[in-house]
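**Q** Dropping a prediction and its sequence here:
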2 protein chains.
Amino acid sequence: MITREDCGRRDETDELAALREWFTLPDGVVYLDGNSLGPVSRGVRRRVDEVLDGEWATGLVRSWNSAGWMTMPTRLGDQVAPLIGARPGEVLVADSLTILLAKLIGGALALRPERHVVLTDARNFHSDLYIARAMAARAGHPVEVRAIDRSALADELGPEVALVVLTHVDFRTGEMLDLVGITAAVHACGALLLWDLAHSAGAVPLDVTAANVDFAAGCGYKYLNAGPGSPAFLYVRRSWQGVLENPLPGWLGHARPFGFESTYETAPGVRAFLTSSPPVLALAAMEGALEVFRHVTLEQLRAKSLALTDLFIGLVEERLAGEFEIVTPREHDRRASQVSLRHPESDAIVRALIERGVIGDFRDPDISRFGFAPLYLRYVDVFDAVEQMVAVIEGEEYRDARVVVRDPVT
Amino acid sequence: MITREDCGRRDETDELAALREWFTLPDGVVYLDGNSLGPVSRGVRRRVDEVLDGEWATGLVRSWNSAGWMTMPTRLGDQVAPLIGARPGEVLVADSLTILLAKLIGGALALRPERHVVLTDARNFHSDLYIARAMAARAGHPVEVRAIDRSALADELGPEVALVVLTHVDFRTGEMLDLVGITAAVHACGALLLWDLAHSAGAVPLDVTAANVDFAAGCGYKYLNAGPGSPAFLYVRRSWQGVLENPLPGWLGHARPFGFESTYETAPGVRAFLTSSPPVLALAAMEGALEVFRHVTLEQLRAKSLALTDLFIGLVEERLAGEFEIVTPREHDRRASQVSLRHPESDAIVRALIERGVIGDFRDPDISRFGFAPLYLRYVDVFDAVEQMVAVIEGEEYRDARVVVRDPVT
């Protein structure tokens, strides 16, 4: 039997324990939804105050240069880069995830006009499916989007495939795909690969450079803790820069934005994927949120993340045997930083847990989803969460659950 | 001769004078660049604090529902609507101006597939030109973008014209176009009209309903004072809703975002033009910024705006006769809320003025541009600005100007 004392001892020796102090978390809450919306940190507050009270209030329009607002998209990109194994100058922070996917998909399809198929995962996040089809419809040549069972990917790869669009971590099950192996297989057939890293960045070690990834994008509001609806990031491998075109061009992606030239000439480097003026306040929040990552390595994060999910799975098996089906893979190399449980009453169970201060979320049709963010979660939090689950299940409290939480983030 | 005392007396009887207290403006600065970036107001600070300290910190992911984050794009749209004469349910706040223009242009071109021309103004803001050409190239049928001299618009209108894309107020000269007359002429030829209201919203009265405008978009960071790079707004007349399609679809524009359905089904109403999760922090700033507009009518704003620009033009003529060419129209019905002056040394003059605390901006090749935001500018500010201009010109200080300000907002 795992006891709360066992968990407390693990917290005492946890080398990341002090990082929890960076975050604001309400008393009495065990927050297992950082895979949907990360909590606010002191870095966010500091940078937002700097913008509101100084850069904007005092510097006014001058701050576009004097406070470095103009270069925030690439400056923040360079801060995100080490979290995904990218090199400086390969990452940009801007827009939203779906808009960045539109840019990358539209650009990529123009690179393979002789091929007419986009492969994607039928279980991909639905917004990725919608934008893939929309950009395929506007490619300028016939393109078919095939949403397949991802286990059949190897069979579907062929000379007609232009682009593969996959999400690295399944938002429902938390299953992590083999980024290295799949990228190599896709390249072997001459296709390009775009990875959605929404549920990966900040949670699992990534090395897009070593894996030879072409393009990637991800969002800021999950494990990067940059705030609700924060800007997203885009990765374009250096060898594709100057080749891949931005299908949604705007003046900030022009070689000379202040030349006010009527003809578009793309900027060098990853800046080509900018469209509009940087969303400064939101970027400042993200810049503040990224500060904590300087105090930890991806390997430390991964080790604690796996320890937390192992603990949770172990406790669920020990305390709730037979109640839930654990749909997240047990193998470490196939598990990201969340654990999903199947139960016919998941929706009501999640509501009842929220009433008891354990915040996870529900995903149709029957998934209870729990995220384990290693920056701020304690081992005792995992223990306490399972205790509350036991109480909800044993008391059948979920039959009376009232609070509905359906967040708009995956 | 107009004296500073004359101006002071006008401030004393100005019924909008108290609104200046809402804004933070640094001591010793006369801010004539609110047409580029409006200043921060107390509403912004309050709403941002509410999000950081309450909704996000305490509510966490629950705030998507409990704090109304999910409905912010349409809620803010309904707050912008009266500023442009739109009805509730016709305006959305999201993305950036160029991305919203992409959605509207892409959607509009699909409505007129038998017509192959987009007309726009050769002097339009360059980002509008770039995105018009990019969306034309992806229309799925051949479309030519003709950037014409806008004075020739009537001659260029014909049965081949699908869409006209115009900016209501010229960002260089401050000239305001005849929105009502042009819209009617474009409709008479069977074409659609998209107005860019970037330099209009919050500064000049607009009635898109009476003018029968099809589509419009504008930005939040100029006269709406929502902060650097803030989200933009989009207007789709009710009769086009359900007809116009969003070419950049995402899950938030789905009829049932939380159905997680793999097939896209567009949401009813203006929500169809949403793509991604709302950028909550930036939207909160905008919500705060819009509060002040509840305390003033568009007619009051317009009256003071014209009084300020009349005063500025009068002082420039009186004190700086022959030094500058006034390129902004004198006629009230052709003037928005800025005054642009031509001088071969404009770049250096603007820099020298900034050194003296008078903040305007420079636009290639020879325009000194000054915005007059009636919410917070005083008549004495106008007087003081011209005093400083006289000093700069008489002392030829601009030959030694050092500070370079080139903001990335039009």
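**A** It's in.
**Q** and the stretch 101-250 of chain A, which residues reach chain B?
**A** Within the stretch 101-250 of chain A, the residues that sit near chain B (CB under 8 Å from any CB of the partner chain) are A:102, A:106, A:122, A:125-127, A:129-131, A:133-134, A:137-140, A:147, A:221, A:227-232, A:247-250. (Each C-beta comes from the backbone N, C-alpha and C, glycine too.)
**Q** and if we set it to 7 Å?
**A** A:102, A:122, A:126-127, A:129-131, A:134, A:138, A:140, A:147, A:227-230, A:247-250 (CB under 7 Å from any CB of the partner chain).
**Q** In PyMOL, select just the buried ones from those.
**A** Provided next is the PyMOL selection string for whichever of those are buried by 16 or more other CB atoms under 10 Å in any protein chain shown:
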select buried, chain A and resi 102+126+127+129+130+131+134+138+147+227+228+229+230+247+248+249+250
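**Q** Could you tell me which of the residues of the stretch 101-250 of chain A next to chain B are located in strands?
**A** Among these, the ones falling in strands (DSSP state E) are residue A:147.
**Q** need the helices for the stretch 51-200 of chain A, in chain order.
**A** Applying DSSP state H, counting those that start in this stretch to the stretch 51-200 of chain A gives helices spanning A:63-66, A:72-84, A:97-111, A:126-137, A:153-156, A:179-188.
**Q** List of residues touching stretch A:295-304?
**A** Residues from elsewhere that reach stretch A:295-304, judged by CB atoms under 7 Å, 6 or more residues apart in numbering or on different chains: A:14-16, A:19, A:83, A:204-205, A:374.
**Q** Chain B versus residue A:347, what's the distance?
**A** Distance from residue A:347 to chain B, counting by CB to the nearest CB, to the nearest Å: 11 Å.
**Q** rewinding a little: most packed of the helices of the stretch 51-200 of chain A?
**A** helix A:97-111 (a mean of 26; mean count of other CB atoms under 10 Å in any protein chain shown).
**Q** then that one to CSV, C-alphas only?
**A** Taking C-alpha atoms only, helix A:97-111 is exported to CSV below (Å, rounded to 0.1, in the frame of the first residue of the first chain):
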residue,chain,number,x,y,z
LEU,A,97,-2.3,27.3,-33.1
THR,A,98,-4.9,26.8,-35.8
ILE,A,99,-3.8,29.9,-37.7
LEU,A,100,-0.1,28.7,-37.5
LEU,A,101,-1.2,25.3,-38.7
ALA,A,102,-2.9,27.0,-41.7
LYS,A,103,0.3,28.8,-42.6
LEU,A,104,2.4,25.6,-42.4
ILE,A,105,-0.1,23.4,-44.2
GLY,A,106,-0.7,26.0,-46.9
GLY,A,107,3.0,26.5,-47.4
ALA,A,108,3.9,22.8,-47.4
LEU,A,109,1.3,21.9,-50.0
ALA,A,110,2.9,24.3,-52.4
LEU,A,111,6.2,22.4,-52.0
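**Q** got the CA positions of stretch A:281-292 in CSV?
**A** The C-alpha trace of stretch A:281-292 is given here as CSV (Å, rounded to 0.1, in the frame of the first residue of the first chain):
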residue,chain,number,x,y,z
LEU,A,281,0.5,42.0,-23.7
ALA,A,282,-0.1,38.3,-24.4
LEU,A,283,3.5,37.8,-25.5
ALA,A,284,4.7,39.5,-22.3
ALA,A,285,2.6,37.1,-20.3
MET,A,286,4.2,34.2,-22.2
GLU,A,287,7.7,35.6,-21.7
GLY,A,288,7.1,35.7,-18.0
ALA,A,289,5.7,32.2,-18.0
LEU,A,290,8.8,30.8,-19.7
GLU,A,291,11.1,32.1,-17.0
VAL,A,292,10.7,29.1,-14.8
